[in-house]
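Undergrad: Okay, sequence plus prediction incoming.
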Amino acid sequence: MGVAMTSPAPKTYHVKNFGCQMNVYDGDRMAELLGAEGMVPATDPAVADVVVLNTCHIREKAAEKVYSDIGRLKRDDGSRPVIAVAGCVAQAEGAEIARRAPTVDVVVGPQAYHRLPEMLGAVAAGKRAIDLDMPLDSKFGALPKRAGGQRPSAFLTVQEGCDKFCTYCVVPYTRGAEISRPFAELIAEAQALVEAGAREITLLGQNVNAWNGEDERGRSVGLDGLIRALAAVDGLARIRYTTSHPNDMTDGLIAAHGEVAKLMPFLHLPVQSGSDRILKAMNRSHTTDSYLRLLERVRAARPDIALSGDFIVGFPGESEADFEATLNIVDAVRYAQAYSFKYSRRPGTPAATMDDQIADAVMDERLQRLQAAINRHQHDFNLASVGRRTQILLERHGKRDGQLLGKTPWLQSAHVIAPGLAIGDMIDVTLTEAGPNSLTAELLQTQDA
Ligand code: 5AD
Ligand code: SF4
């Protein structure tokens, strides 16, 4: 590149994330990668030179959404930014996107985004760049060190991909086979995140509890070994992990919940359905009974643990009785929170061609009933927290003067009036009031913050 007498304004980028926390992590890494190239962030896609759409393919109409987003990037004067489509829609439908949307310059899958700067270079030279490789050499080694200014609660992808092949799910096809990132690389990245301002790290993976590796002494360890090592990182106050599969919930990981103080009392463990017949058709490889027994062991290790889950209503063949079994398991577990979705027919998955697909109106009605049950338990869990003395990690400013919002150990949102305190502070509070979605906290007077 030639040296200009007056340097041009740096190019700007905007990364728009859809979907799961793993996309948030990938979006951050792409942003940092572009930052390392001298580009600066633009908060508004309408003025950015480069827009990255980091897409999600897990449910309905993902691809249509991408096309309409691409259309909206056209500006009044007829110009448009350089458009990159990344994420799981890119992986699943990249060739089709490139064919149908000539304004897309870059299509890059979740395992190849470390090549983004190179690809943008190709675009500057007048080419289109498409990379849907799932290379064996990991992208992580090619990414720059974590940038400064991290959020107090940061994500760290430790595991990617899925070998479980639930019959409704696209993840095994879009994210590929299960891989675990090496232990030493993860400890180093966690240290870098803490140096850059993180106080809490959530370990991410589609099957995070399937993570395995070798520790610094060459011993085989599971996720609990990694968590124990991370607990020794100075300045890191809290550790979380998500999402777990019931079959990978080892004794060691359960024990860690009772033994590692920095590991937060929260477990997201999707069950998907309360009907064994449906679980079998979903290829979940656990039963409601094995799931409930597992949770009993988790609760024995950590009695106050907050449990979370995912549910799908309207899987092909789901009868009213199957659905009622799902309501029963919600009542049996008393989730602190949970996500629920209408079944979405994903092309290429086994369930998409199963008989007895459920009508949308039936799914709507079931989803409402399920969400009402989940909300009731969430509210009860919040009410039961009132009076607890605990800590919250402040993550953002609230709407009112001096109000800050943070998370309790049980991942509840709590707001507190705390003038003089800052985002990133961990404060001692009493939880004083509970609503369905959040709690009110009061600062303890003994504060030395
Ligand atoms: N339809 C509806 N929900 C789905 N999920 C995954 N695939 C589908 C689908 N085809 C849900 C599951 C999973 C969560 C991330 O998304 O509940 O746990
Ligand atoms: Fe999808 Fe099942 Fe793998 Fe989760 S475990 S990512 S639902 S295939």
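TA: Here it is on my side, so go on. Only a predicted model underlies this, so the values are computations on that prediction, with no experimental measurement involved. Ligands and ions are numbered 1, 2, ... in the order given.
Undergrad: For Gly35, grab the count of nearby residues.
TA: Close neighbours of Gly35, defined as other Cβ atoms under 10 Å, add up to 16. All C-beta spots, glycine's among them, are computed from the backbone N, C-alpha and C.
Undergrad: Give me the nearest residue to it, chain neighbours excluded.
TA: Take Gly35 and drop its neighbours on the chain: the residue closest to it by Cβ to Cβ, 6 or more residues apart in numbering is Ala147, 5.9 Å away.
Undergrad: my read is that neighbour is in a helix, agree?
TA: No. Secondary structure of Ala147 (DSSP: H, G, I helix; E, B strand; the rest coil): coil, not part of a helix.
Undergrad: hey, what's Val106 bridged with?
TA: For Val106, the beta-bridge partners are Ala84, Ala129 (DSSP bridges).
Undergrad: Identify the residues contacting it.
TA: Counting by Cβ atoms under 8 Å, 6 or more residues apart in numbering, Val106 makes contact with 82-86, 116, 119-120, 123, 128-130.
Undergrad: Closest residue of the stretch 201-350 of the chain to ligand 2?
TA: Gln206 (4.3 Å; Cβ to the nearest ligand atom).
Undergrad: Determine whether the claim that that residue is in a strand is correct.
TA: No. Going by three-state DSSP, the assignment for Gln206 is coil, not a strand.
Undergrad: Now do the contacts for the nearest residue to it once chain neighbours are set aside.
TA: For Gln206, ignoring the flanking residues on the chain, the nearest one in space by Cβ to Cβ, 6+ apart is Cys162 at 4.5 Å. The contact partners of Cys162, by Cβ under 8 Å, 6+ apart, come to 169, 171-172, 175, 177-178, 206-207.
Undergrad: remind me, longest helix of the chain?
TA: Using DSSP state H, we find that the single longest helix of the chain is helix 360-385.
Undergrad: Nearest to Gly309 among the contacts of Val106?
TA: Ala86 (28.7 Å; Cβ to Cβ).
Undergrad: Neighbours of that closest one, how many?
TA: Using other Cβ under 10 Å, the number of residues around Ala86 comes to 28.
Undergrad: Tell me who's in contact with it.
TA: Applying Cβ under 8 Å, 6+ apart to Ala86 gives the contacts 26, 30, 52-55, 106-110, 113, 116.
Undergrad: Angles on the backbone of it, please.
TA: Taking degrees, to the nearest 10, you get phi -120, psi -180 for the backbone angles of Ala86.
Undergrad: pLDDT value on it, please?
TA: pLDDT for Ala86: 96.
Undergrad: Please report the distance of it from Pro41.
TA: 16 Å (Cβ to Cβ, to the nearest Å).
Undergrad: got it, and Asn54?
TA: Per Cβ to Cβ, Asn54 is found 14 Å from Pro41.
Undergrad: Compare the two (neighbour count), which wins?
TA: More crowded of Asn54 and Pro41, by other Cβ under 10 Å: Asn54, with 26 against 12.
Undergrad: Using the three-state scheme, assign that one.
TA: strand.
Undergrad: how near is Glu189 to Gln206?
TA: 18 Å.
Undergrad: hmm, stretch 337-346 touching ligand 1?
TA: Yes. Against ligand 1, stretch 337-346 shows contacts by Cβ under 6 Å from any ligand atom at 341, 343-344, 346.
Undergrad: got the residues of the stretch 151-300 of the chain near ligand 1?
TA: Checking the stretch 151-300 of the chain against ligand 1 by Cβ under 6 Å from any ligand atom, the hits are 168-169, 270, 272.
Undergrad: In this structure, where is pLDDT below threshold?
TA: 1-8, 136-137, 446-449 (pLDDT under 70).
Undergrad: show me where it has helices.
TA: 21-36, 62-72, 87-100, 116-124, 171-174, 183-195, 223-230, 251-259, 276-281, 288-301, 320-333, 360-385.
Undergrad: export these to a markdown table and tack on distance to Ala422?
TA: A markdown table is the format used below for the helices of the chain (distance: least, Cβ to Cβ, whole Å):
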| stretch | distance to Ala422 |
| --- | --- |
| helix 21-36 | 21 |
| helix 62-72 | 35 |
| helix 87-100 | 33 |
| helix 116-124 | 33 |
| helix 171-174 | 38 |
| helix 183-195 | 17 |
| helix 223-230 | 24 |
| helix 251-259 | 30 |
| helix 276-281 | 46 |
| helix 288-301 | 34 |
| helix 320-333 | 37 |
| helix 360-385 | 24 |
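Undergrad: any idea which of the ones you listed is most buried?
TA: helix 223-230 (a mean of 22; mean count of other Cβ atoms under 10 Å).
Undergrad: Alpha carbons of that one, in CSV - could you do that?
TA: Provided in CSV are the C-alpha atoms of helix 223-230 (Å, rounded to 0.1, in the frame of the first residue of the first chain):
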residue,chain,number,x,y,z
LEU,A,223,-14.8,-29.2,31.5
ASP,A,224,-14.5,-29.4,35.3
GLY,A,225,-10.7,-29.5,35.0
LEU,A,226,-10.7,-26.4,32.9
ILE,A,227,-13.1,-24.7,35.3
ARG,A,228,-10.8,-25.5,38.2
ALA,A,229,-7.8,-24.1,36.4
LEU,A,230,-9.7,-20.9,35.4
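Undergrad: Tell me the residues on this structure that lie near ligand 2, please.
TA: Residues of the chain lying near ligand 2 (Cβ under 6 Å from any ligand atom): 162, 164-166, 169, 171-172, 206-207, 245.
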